[in-house]
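1. Just a sequence and a predicted model for now, questions to come.
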Amino acid sequence: MRHLSLLLLIFITASKPIQFKTDFDANFESNALRINLAFAGNKDSQEIYLFSLNKDEFYGGSQNCLIDTLNLGTYRCNVFNLNKELLFRRGFCSLFEEWQTTEEAKNQRKVFNQSINIPYPKNNCIITIDRRNFEGIFEEALRLEIDPDNPNIAATQASEIPHKTILKNGTAKNKIDLLFLSEGYKADEMGKFVEDVKRLSNYLFSFDPYQSFRASFNISALCIPSQESGVSDPQKGEWKNTALKSSFNTFYIDRYLQIADPLTLANYASQLPYDHLIVVVNSKKYGGGGIYNHFSIVTADHKLSEEVFLHELGHGIAGLADEYYTSEVPYENYFNLNIEPWQPNITTLIDFEQKWKHLVPDTIPIPTPNNITVPIGVYEGASYLKKGVYRPAFDCRMKTNEAEGFCPVCQEAIKKVIQQCAN
Ligand SMILES: [Zn+2]
Ligand SMILES: [Zn+2]
């Protein structure tokens, strides 16, 4: 009850001054403003800085749904006009917040880059980046006053990199545009890259909700040539000269793939409209990664690459949490067990009403014992924790590669994202 009244109070005070103004043409151009940020700090501190601004040719997001109401992500980007009316909002996550939970962050300060794409404002505006505190409440972490006519906003140069359209169902503003980018493919390996993208896409559309919403997607493959074939593998001492400088062994986890410089990724991606970026790495090794509304990354040629791709895109597109809890992932204090986490597919049972309680039949005990297998229950163990965090199903693609696709709760969460973005 205490939590409920506190939340209600915060909702009333926070929501009162905000008015929504969502007329795209009155407020935005069809270009994108790319806000290149730096997240810096250590385990206990975090600051967000503006690194640079770009004017990109395309904004690929919806022009009808400018205010993201899904309330997902550790961060959100807001655009206000000078009358303090909210024009745009989008949630996202960062690699920095994951790093903060590692051993290294206890002893070292570090900086991570990340770019946020918003539609290009027509008028002077205020852009803020909010970050959730440990209690889950958004607090302002960065405030920018933007003059869209500022001559130092760098116009992104057109590039000569070829691309291939894999699936086209409509214009970018009405569809979810998945942009696949090649990494570790030499110029003469682009035929393989395009086939890899087709294979991954076909796998994606064989699982719901993607199968049912195939017509909501566009897919393109951007053929960025690398000097060398393959990918850097630090545990083997192998370093490759690749376009996006990706490598395994992120945070000393061998299978965790990331790219060294997300700004380079954003520069390449700027030549096409997109909602989500997916880096395909030309490697046989098992690995991948996915960060909500940042990008997803996966290797092409491991026997489980398709399965890993579906899992990582679950993080990247819908902010889904990992449902596994036995792993080498050494994250500490990832969750505040005294609040309900924002991730749609896990619960601490603090406020289960807002999660999937309506889907659990009255006959199913909460929590659900492991010896009862039901399609939707409340099983203890998720997000690297054996105790205190619960998942909806005994198995799900967010838990294992053997699961038959997503559990009903994950399917519902992805469906909500599709319905919001493709409109
Ligand atoms: Zn995962
Ligand atoms: Zn699930």
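-> Structure received. Ligands and ions are numbered 1, 2, ... in the order given.

2. what separates the residue nearest to residue 285 when sequence neighbours are not counted from residue 418, distance-wise?
-> Using C-beta to C-beta, 6 or more residues apart in numbering and skipping residues adjacent in sequence, the residue nearest residue 285 is residue 299, 5.8 Å away. Backbone N, C-alpha and C define where each C-beta goes, glycine included. Residue 299 is 26 Å from residue 418, where distance means C-beta to C-beta, to the nearest Å.

3. between these two, who's got more neighbours?
-> Comparing residue 299 with residue 418 by other C-beta atoms under 10 Å, the one with more neighbours is residue 299, at 27 against 19.

4. how does the chain divide into domains?
-> Listed by automatic domain parsing, the domain ranges of the chain are 16-155, 163-319.

5. centroid residue for this structure?
-> residue 292 (1.4 Å; C-alpha atoms, centre = their mean).

6. Next, format the domains of the chain as JSON lines and append mean pLDDT.
-> JSON lines is the format used below for the domains of the chain (pLDDT from 0 to 100):
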{"stretch": "domain 16-155", "mean pLDDT": "93"}
{"stretch": "domain 163-319", "mean pLDDT": "96"}
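
7. Identify, out of those, the most deeply packed stretch.
-> Highest mean neighbour count of the domains of the chain: domain 163-319, a mean of 20 (counted as mean count of other C-beta atoms under 10 Å).

8. That domain and ligand 2, any residue contact?
-> No: counting by C-beta under 5 Å from the ion, ligand 2 has no neighbours in domain 163-319; the shortest distance is 7.9 Å.

9. Okay, now that domain: how far is its last residue from its first?
-> Counting by C-alpha to C-alpha, to the nearest Å, you get 28 Å between the two ends of domain 163-319.

10. What of stretch 246-266?
-> Using C-alpha to C-alpha, one end of stretch 246-266 lies 14 Å from the other.

11. Then stretch 126-138?
-> Start-to-end span of stretch 126-138 (C-alpha to C-alpha) is 17 Å.

12. Same check on stretch 371-379?
-> Per C-alpha to C-alpha, stretch 371-379 runs 10 Å from first to last residue.

13. where along the stretch 301-423 of the chain do the strands fall?
-> Along the stretch 301-423 of the chain, the stretches classed as strands by DSSP state E, counting those that start in this stretch are 379-382, 385-391.

14. Which among these is found nearest to ligand 2?
-> Ligand 2 sits nearest to strand 385-391 of all these, at 6.5 Å, using C-beta to the ion.

15. Point out the other helices and strands that that closest one packs with.
-> With contacts taken as 3 or more C-beta pairs under 8 Å, 6 or more residues apart in numbering; DSSP states H and E, strand 385-391 sits against strand 379-382.

16. who's in contact with the closest residue to residue 161 other than its chain neighbours?
-> With C-beta to C-beta, 6+ apart as the criterion, residue 161 has its nearest non-adjacent residue at 5.7 Å, and that residue is residue 224. Taking C-beta atoms under 8 Å, 6 or more residues apart in numbering, we find residue 224 in contact with 161, 181-183, 185, 243-244, 268.

17. Mind doing that once more with 7 Å?
-> The contact partners of residue 224, by C-beta atoms under 7 Å, 6 or more residues apart in numbering, come to 161, 181-182, 243, 268.
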